[in-house]
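Peer 1: make a model of this:
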Amino acid sequence: MDWSKTKTIFIVVFMILNLFLITQYIEKKKVNEFETYSEASIEERLKENDIRYVTLPKQVSTEQYLSAKSKEFTKEDVKKLKHQDITVNGQQIVSNLEKTFILGEELNADTLDAYVKEMVLYGEEYAFWKIDEQQNAIIYYQKYNEKMIYNSEQSKLILYLNDNREIISYEQTYSNLEEVERVNEEDVLPAIKVLEILYQKGELPAKSEITSIELGYYNLISLSSANILAPTWHVVLNDEKDLFIYATDGQIITETIEEQHE
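Peer 2: Numbers count the residues shown, from 1 in each chain. All right, here's what the predicted structure looks like:
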């Protein structure tokens, strides 16, 4: 037996085997790196893109769709409202104030809320939404279980201003939430999952900040007999852009509230 040749054959075989194993290792490492990237948590991806966010709300396991009826106002309902010239139009109150309320240059939310509670029927059930520069008005929406009802013309308070930033009149609609019907209970997506969906859909640009995220309801369907309200996440981006996503199926609401009511 020629040991020299045998030794050479063994060396070549081992080299080929080692080359194969190294190749396999490199390929496996590439796959693992890809899987690691693919499975990177949404927290890591947001951090990589310098997307910051507030402390997320605690997980809510389930929520129900609501069916709410609009209130038909009567003259008896508004008797206790003082210093107002009031017209009742079925499901709407129109009020012209005998004495204006001065906002001043800076809006004081607590003072304004106190004013609404005092001057408006069921005023404690409404919450500030936004200032509408086009209408020169302040918008409030009703709340249900401390959750705001967005996009509802039947649960809305509009405070109209004059050029001196004084409230001079208001229009009000109201849903009777004491008689609300709860239907179709479903699981609610956690807040972090909502951010993941918005990120994947390109709604969260790099270096942006999520300044608010809270659970509310969105007016899904308006009927003559009732309004259907869907559990909805409201996300505020950079303190200026409102994003809405249905809390049960993760569908992003593409139209803004203003566009739906034009």
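Peer 1: and stretch 140-155, which residues are buried?
Peer 2: For stretch 140-155, the neighbour count (16 or more other C-beta atoms under 10 Å) marks 140-144, 147-152, 154-155 as buried. Where you see a C-beta, it was placed from the backbone N, CA and C, and this is true even at glycine.
Peer 1: and it, average pLDDT?
Peer 2: Stretch 140-155 shows a mean pLDDT of 95 in the predicted model.
Peer 1: could you do stretch 213-229 as well?
Peer 2: 88.
Peer 1: that stretch spans what distance, first to last residue?
Peer 2: 18 Å (C-alpha to C-alpha, to the nearest Å).
Peer 1: what residues sit buried inside it?
Peer 2: Buried, per 16+ other C-beta under 10 Å, within stretch 213-229: 213, 215-220, 226-229.
Peer 1: looking at those residues, which is nearest residue 116?
Peer 2: If you rank these by distance to residue 116 using C-beta to C-beta, residue 216 comes first, at 18.5 Å.
Peer 1: the closest one bridge partners, please.
Peer 2: Beta bridges link residue 216 to residue 232, judged by DSSP bridges.
Peer 1: for it, give its distance to residue 45.
Peer 2: 26 Å (C-beta to C-beta, to the nearest Å).
Peer 1: which pair of the buried residues of stretch 140-155 spans the longest distance?
Peer 2: 147 and 154 (16.1 Å).
Peer 1: could you export stretch 124-139 as CSV, CA atoms only?
Peer 2: Extracted in CSV, the C-alpha atoms of stretch 124-139 (Å, rounded to 0.1, in the frame of the first residue of the first chain):
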residue,chain,number,x,y,z
GLU,A,124,-70.7,66.6,30.6
GLU,A,125,-71.0,63.9,28.0
TYR,A,126,-69.1,65.8,25.3
ALA,A,127,-65.3,66.1,24.9
PHE,A,128,-63.2,68.5,22.9
TRP,A,129,-62.2,67.3,19.4
LYS,A,130,-60.7,70.2,17.4
ILE,A,131,-60.8,73.8,16.3
ASP,A,132,-62.3,74.0,12.8
GLU,A,133,-60.6,77.0,11.2
GLN,A,134,-62.8,76.9,8.1
GLN,A,135,-66.1,77.1,10.0
ASN,A,136,-64.5,79.3,12.7
ALA,A,137,-65.9,76.9,15.2
ILE,A,138,-64.9,74.4,18.0
ILE,A,139,-66.0,70.8,17.6
